[in-house]
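S.K.: Any chance you could fold what I've pasted below:
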Amino acid sequence: MSAFHWDAAAVRAVVPLRPDGTPRSVADHERAYAAAVWSCLAEPGDAVAGALIDALGPDDALREVIAGCRGTLAADAAGIPPDELRAGVRRWQPRLEAESIAFALHLAVSAGVHLVTPDDDCWPAALDDLGPHAPVALWVRGDPAVLTRLDPAIALVGARAATGYGEHIAEEFAADLAGRGVAVVSGAAYGIDGAAHRAALAAGGITVALLAGGVDRPYPAGHTDLLRRIAASGAVLGEVPCGSAPTRWRFLQRNRLIAALGDATVVIEAGWRSGSLNTAGHAATLGRPLGAVPGPVTSGSSAGCHRLLREFDARCVTTSDEAAELLGLDAAHGSEREEREDDRTGERTRVSDALSARAWRTVDDVARRSGMATAQVRAHLGMMALEGVAANEGARWRRVVAGAGD
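M.R.: As a prediction, this is how the structure comes out:
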């Protein structure tokens, strides 16, 4: 393995153009190339790297690291204690290896992945709110121009092991908000994330997926086609170079980008220790509005949402109109909302008619009796339980009659 060195030919080959297709200047080439190299060296959210790059620029900061950051001038300029900077250099230098960096950049070129840096017009300024924890660059699969159309944007997140109720709410929120021109931001995971992305696409809206690994490696593999569809009309983003594997640390750090890109974050369904609570924490730290959707008190899949409502002062969100309010948007036109309410009321009546006030019935039985899909039935039963008009005993349900004893 050979030591890293500046390669003018590689600079021009890897980042020949800005994302908008215009030529880069020589100085822009070097800064963009250095930003790409930094994405190979530092783990996401490395505040020491962020402070050094912010003070010196990615190119001069990289030259300092190559030289070993001798003396204290670089540390003083970045406002970093010299011992912290030396520790940072020890973290980064093992990755400062020519072949592996060249291979990562070659993968990006081969996959048609774009590099976007803070110098580019399409850089999402919302990420700058992360300060020294902001990414030095984004790797983009799709059209980088989409990043200029993320205002307004909402982050919809939740459990991977989502219930039918949670996926139904995610689809309803995402489709309605996307239809109003709100970009839907999420993490492409199974469950709530996937439901939100699919519904936004179906509504013809913009959706953006943040990955914890390289954007050339679809993750999870089961969402390969979904990620392809997102890239075709929106964007798939990552801050680590192509070929990088997702790790637990990178998932947690990825969540800060989801929170930063959203003007508000809504947690739709989450367990007590769900990773979605990490996203919610980042949103709260950034001062972004935070909402949580309540669920049945008997559902462990909603325990995290109830925790946000009780302990973290999240706003209770039960409709897409209430989610829109977090963004400062007006509610949907009355006639449209009333029509949707009428549709839901009709479905609710069918579910209620299929329940018995005395006999316990399974969800499948209720679905068969009502002529509705099982997922729809679960969603309505969840809301009915919250309103106290239905009760469950394990996997069986019955209608609650007003005034009747338990």
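S.K.: how far away is the nearest residue to Ala245 once chain neighbours are set aside from Ser110?
M.R.: Sequence neighbours aside, Gly213 is the residue nearest to Ala245 in space, at 5.3 Å (criterion: CB to CB, 6 or more residues apart in numbering). Glycine gets a C-beta too; all of them are placed from N, C-alpha and C. Gly213 sits 17 Å away from Ser110, going by CB to CB, to the nearest Å.
S.K.: repeat for Asp225
M.R.: Distance, Asp225 to Ser110, by CB to CB: 20 Å.
S.K.: now do Val185
M.R.: The gap separating Val185 from Ser110 is 27 Å, by CB to CB.
S.K.: So which of the two has more stuff around it?
M.R.: Legend: neighbour count by other CB atoms under 10 Å for Val185 and Ser110, higher for Val185 (30 against 10).
S.K.: mind listing the strands for the chain?
M.R.: Assigned by DSSP state E, the strands in the chain fall at 114-116, 138-142, 153-158, 183-186, 207-210, 235-238, 264-269, 290-292, 315-316, 361-362, 390-393, 396-399.
S.K.: which residues touch the last one?
M.R.: If I follow you right, that is strand 396-399. 352, 355-363, 366, 381, 389-392 (CB atoms under 8 Å, 6 or more residues apart in numbering).
S.K.: Quick one: buried ones out of those residues?
M.R.: Buried positions within the contacts of strand 396-399, assessed by neighbour count (16 or more other CB atoms under 10 Å), are 352, 355, 361, 363, 366, 381, 389-392.
S.K.: Could you export those as CSV, including pLDDT?
M.R.: Output for the buried ones among the contacts of strand 396-399, formatted as CSV (pLDDT from 0 to 100):
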residue, pLDDT
Ser352, 89
Leu355, 92
Arg361, 92
Val363, 90
Val366, 92
Leu381, 85
Val389, 88
Ala390, 89
Ala391, 89
Asn392, 88
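S.K.: Closest to Leu52 out of these?
M.R.: Checking the buried ones among the contacts of strand 396-399 against Leu52 by CB to CB gives Leu381 as the nearest, at 54.2 Å.
S.K.: give the contact list for that closest one.
M.R.: Residues in contact with Leu381 (CB under 8 Å, 6+ apart) are 165, 351, 363, 366, 390, 392, 397.
S.K.: ok, it to Gly371 distance?
M.R.: 15 Å.
S.K.: quick one: low-confidence parts of this structure?
M.R.: Applying pLDDT under 70 to the chain flags the ranges 1-26, 331-345, 402-406.
S.K.: tell me the domain ranges of it?
M.R.: Domain assignment for the chain by automatic domain parsing gives 8-111, 150-212+247-326, 334-399.
S.K.: Show me which of those has the highest average neighbour count.
M.R.: Counting by mean count of other CB atoms under 10 Å, domain 150-212+247-326 has the highest mean neighbour count of the domains of the chain, with a mean of 23.
S.K.: Straight-line length of that domain, end to end?
M.R.: In domain 150-212+247-326, first residue to last residue: 15 Å (CA to CA, to the nearest Å).
S.K.: chain center to that domain: distance?
M.R.: Taking CA atoms, centre = their mean, to the nearest Å, the mean C-alpha location of domain 150-212+247-326 is offset from the chain mean by 8 Å.
S.K.: could you show me where the helices are in the stretch 201-350 of the chain, in order?
M.R.: Here the stretch 201-350 of the chain has its helices, by DSSP state H, counting those that start in this stretch, at 224-233, 248-261, 276-285, 303-311, 320-326, 334-354.
S.K.: Make JSON lines from those and add distance to Pro81 to it.
M.R.: Formatted as JSON lines, these follow (distance: least, CB to CB, whole Å):
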{"stretch": "helix 224-233", "distance to Pro81": "41"}
{"stretch": "helix 248-261", "distance to Pro81": "23"}
{"stretch": "helix 276-285", "distance to Pro81": "23"}
{"stretch": "helix 303-311", "distance to Pro81": "34"}
{"stretch": "helix 320-326", "distance to Pro81": "39"}
{"stretch": "helix 334-354", "distance to Pro81": "56"}
